[in-house]
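In: Have a look at this prediction, sequence included:
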Amino acid sequence: MKVTALRTVPLRIPLEKPIGNATVTIENFSCLAIFLDTDEGIVGENLIFTIRPEQLKLLDAMVHVLEAAVIGRDPNETEAFWKDAWRRINFIGFAGVSIMGISALDGALWDLRGKACGLSIGDMLGTARRSIKAYASGGLWLTQTVSELAAEAESFALQGFGAMKLRLAGHVDVDLPRIAAVQKAIGLKVDLMVDANQGMETGAAIKLGRRMQDLGVTWFEEPSPAHDLEASAAIAAALDMPVASGENEYTRYGFKRMLDLRAADIIMPDLQRVGGVSEFAKVNALAATYGVPLSSHLFPEQSLQLLASAPTAISLEHLGWFAPLYNETIELEKGVANIPDRPGWGFTFDKAALKRLAF
C-alpha cells in the first residue's frame, strides 16, 4: 500500500460562549482535518488545531510543505517518514509549527497502519491498559464567576468524574476563594487540579502553591512560562504538591531536558506539539525510564491510544471540544474512559459534520 494523495479541510468549531484562562479568551476553535489517501482505498485521518483563527493557514501550509515526505510512502514506514521530515525542517527549526506539521502526517500514517491491519494504535504499540481515569477539563474557566464555578464543578461530580481542573488567575486573593468554592461543591472525594497557564513568577507561584497544597490541591499545572524550565524546577523543588507540565514541549529532546532538570513531577505530552504518535511513544518510554507519571494534554479521542500503551500513564484530560467532528464518542463509566479497540485511532470523521463546519 502506498500513500497517493494528501487532503486537508479547514474547520471552525464555534463555542456557545467564550472561555478564558490567564493567557487568552477563546471564542472558537480552528481545526485542520488531514486525510491521506492510498492506492488501496484506505484513508488515514488526523486532526490539528489552533485557538487563533489567523494561524490556521500557517498550519495548513506547513502540512503541505511536508507533502513530499509522505506521498508514495508505505504507511508502515513511520520512522522513515519521521527521519525524512526531520531533515526537511532543519532550516526552519525543530519546534513550533514545523513539528505540528510532522505530527499531522505522522498521526494519519499510524491511523492508516491500524486500519490496514485491523488493529488499534494502542494495540500496535503494545497495550498496557484498556481503560484510564479521566478528569473533567472542559470547564472551570477564569471567565466564570464563583457561583458558576461551583455549579459546574458539582455537575462534573454528578457525571461521575473523580477529578477536575480549575484555571487560575495567578493571584492569591482571587484564586483561593475560587478554589474553596469548588472544593465545597465537590467534597473531599473528588480531586481538584489547578492550571496557571504559565502566568506566574517563581516566588508568587511558590507562595500560592504552599497555600494550595495545604488545601489538598492535587497538582499545580504550568505555574511558570514554559520556556523557563529552571523556574519550573525551582517551584517543583519548593513544593510538596506535584507540578505538572509539558503541553508546550516539543519532541523527546524537550522532554528529556525537562526530566533531567526535574522541572515537572508529572509530564503532559500534547500530540500536536510532541511530534505525533511516533514521538509520543518515545516520550512514554522516557517517562517510564525516569519513573515519572504521565497525563495527556487535549486531543482526548486520539490520546486514548497513546495512554493505552504508556507504562506510567495516570489520566486522560477529557473535554468535548472535538467531539462534534467524530462518528464515535468516548465511552465514560464513572469517570473512567474506555480505550476503544477499533482500528487506528478508533475514531473517524463525520463527513456531514465536516461539511457543516468547513470554511
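Out: Yes, it's here. Residues are numbered from 1 along each chain as shown.
In: How about the lengthiest helix in the chain, which residues are buried there?
Out: The single longest helix within the chain, with elements called by DSSP state H, is helix 97-117. Under the neighbour-count criterion of 16 or more other Cβ atoms under 10 Å, helix 97-117 has 97-116 buried. Heads up, the C-betas are built off the backbone N, CA and C, glycines and all.
In: Going by contacts, tell me the helices and strands next to that helix.
Out: Contacts defined by 3 or more Cβ pairs under 8 Å, 6 or more residues apart in numbering; DSSP states H and E place helix 97-117 against strand 3-20, strand 25-38, strand 44-50, helix 56-65, helix 78-88, helix 121-125, helix 271-274, helix 276-290.
In: could those be laid out in a markdown table, adding mean pLDDT and mean neighbour count?
Out: As requested, these are exported to a markdown table (pLDDT from 0 to 100; neighbours: other Cβ atoms under 10 Å):
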| stretch | mean pLDDT | mean neighbour count |
| --- | --- | --- |
| strand 3-20 | 93 | 15 |
| strand 25-38 | 94 | 19 |
| strand 44-50 | 97 | 24 |
| helix 56-65 | 98 | 18 |
| helix 78-88 | 98 | 17 |
| helix 121-125 | 98 | 21 |
| helix 271-274 | 98 | 26 |
| helix 276-290 | 98 | 22 |
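In: These: which one's closest to P242?
Out: Among the helices and strands packed on helix 97-117, helix 276-290 comes nearest to P242, with 13.7 Å by Cβ to Cβ.
In: where does the protein have low pLDDT?
Out: Low-confidence regions of the chain, defined here as pLDDT under 70, do not occur.
In: Domains in it, by residue range?
Out: Using automatic domain parsing, the domain parsing of the chain gives 3-119+351-357, 123-338.
In: Kindly reformat those as JSON lines containing distance to W345.
Out: Formatted as JSON lines, those follow (distance: least, Cβ to Cβ, whole Å):
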{"stretch": "domain 3-119+351-357", "distance to W345": "5"}
{"stretch": "domain 123-338", "distance to W345": "5"}
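In: Figure out which of these is closest to G344.
Out: Per Cβ to Cβ, nearest to G344 of the domains of the chain: domain 3-119+351-357, 3.5 Å.
In: what separates that closest one from the chain centre, distance-wise?
Out: Distance, stretch centre to chain centre, for domain 3-119+351-357: 14 Å (Cα atoms, centre = their mean, to the nearest Å).
In: now the end-to-end length of it.
Out: Start to finish, the residues bounding domain 3-119+351-357 are 26 Å apart (Cα to Cα, to the nearest Å).
In: Tabulate the helices and strands packed on helix 97-117 in CSV, adding columns for distance to V243.
Out: Listed next are the helices and strands packed on helix 97-117 as CSV, based on distance: least, Cβ to Cβ, whole Å:
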stretch, distance to V243
strand 3-20, 23
strand 25-38, 24
strand 44-50, 26
helix 56-65, 29
helix 78-88, 30
helix 121-125, 27
helix 271-274, 19
helix 276-290, 15
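In: Of these, which is nearest A157?
Out: Short answer: strand 3-20, nearest of the helices and strands packed on helix 97-117 by Cβ to Cβ, at 19.8 Å.
In: what's the closest one packed up against?
Out: If you count contacts as 3+ Cβ pairs under 8 Å, 6+ apart, strand 3-20 packs onto strand 25-38, helix 56-65, helix 97-117, helix 351-357.
In: got the angle between that strand and helix 97-117?
Out: Computed by axes from the mean of the first three to the mean of the last three Cα atoms, to 10 degrees, the angle separating strand 3-20 from helix 97-117 equals 120 degrees.
In: Okay, and the beta partners of the closest residue in space to W321 that isn't next to it in sequence?
Out: Nearest residue to W321, sequence neighbours excluded (Cβ to Cβ, 6 or more residues apart in numbering): F29, at 5.9 Å. Beta-bridge partners of F29, counted by DSSP bridges, are I13.
In: same thing with V194?
Out: L166, F220.
In: quick one, helices of the stretch 201-350 of the chain?
Out: Ranges of helices in the stretch 201-350 of the chain, per DSSP state H, counting those that start in this stretch, are 202-214, 229-238, 251-260, 271-274, 276-290, 300-309.
In: out of the ones you listed, nearest to V182?
Out: Closest of these to V182 is helix 202-214, at 11.8 Å (criterion: Cβ to Cβ).
In: would you put the C-alpha positions of that closest one in CSV?
Out: Presented in CSV, the C-alpha positions along helix 202-214 are these (Å, rounded to 0.1, in the frame of the first residue of the first chain):
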residue,chain,number,x,y,z
THR,A,202,8.6,31.9,40.6
GLY,A,203,8.2,33.5,44.1
ALA,A,204,4.5,34.1,43.7
ALA,A,205,3.9,30.6,42.4
ILE,A,206,5.7,29.1,45.4
LYS,A,207,3.7,31.3,47.8
LEU,A,208,0.4,30.3,46.2
GLY,A,209,1.4,26.7,45.8
ARG,A,210,2.1,26.3,49.5
ARG,A,211,-1.3,27.7,50.3
MET,A,212,-2.9,25.3,47.8
GLN,A,213,-1.1,22.2,48.9
ASP,A,214,-2.4,22.9,52.4
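In: Residue numbering should commence at 348 henceforth.
Out: All right, first residue 348 from here; so that's helix 549-561.
In: now the angle from it to helix 576-585?
Out: 30 degrees.
In: Now do helix 549-561: which elements does it pack against?
Out: By 3+ Cβ pairs under 8 Å, 6+ apart, helix 549-561 packs against helix 519-533, strand 567-568, helix 576-585.
In: List the buried residues of the last one.
Out: Counting neighbours by 16+ other Cβ under 10 Å, one finds that the buried residues in helix 576-585 are 576, 578-583, 585.
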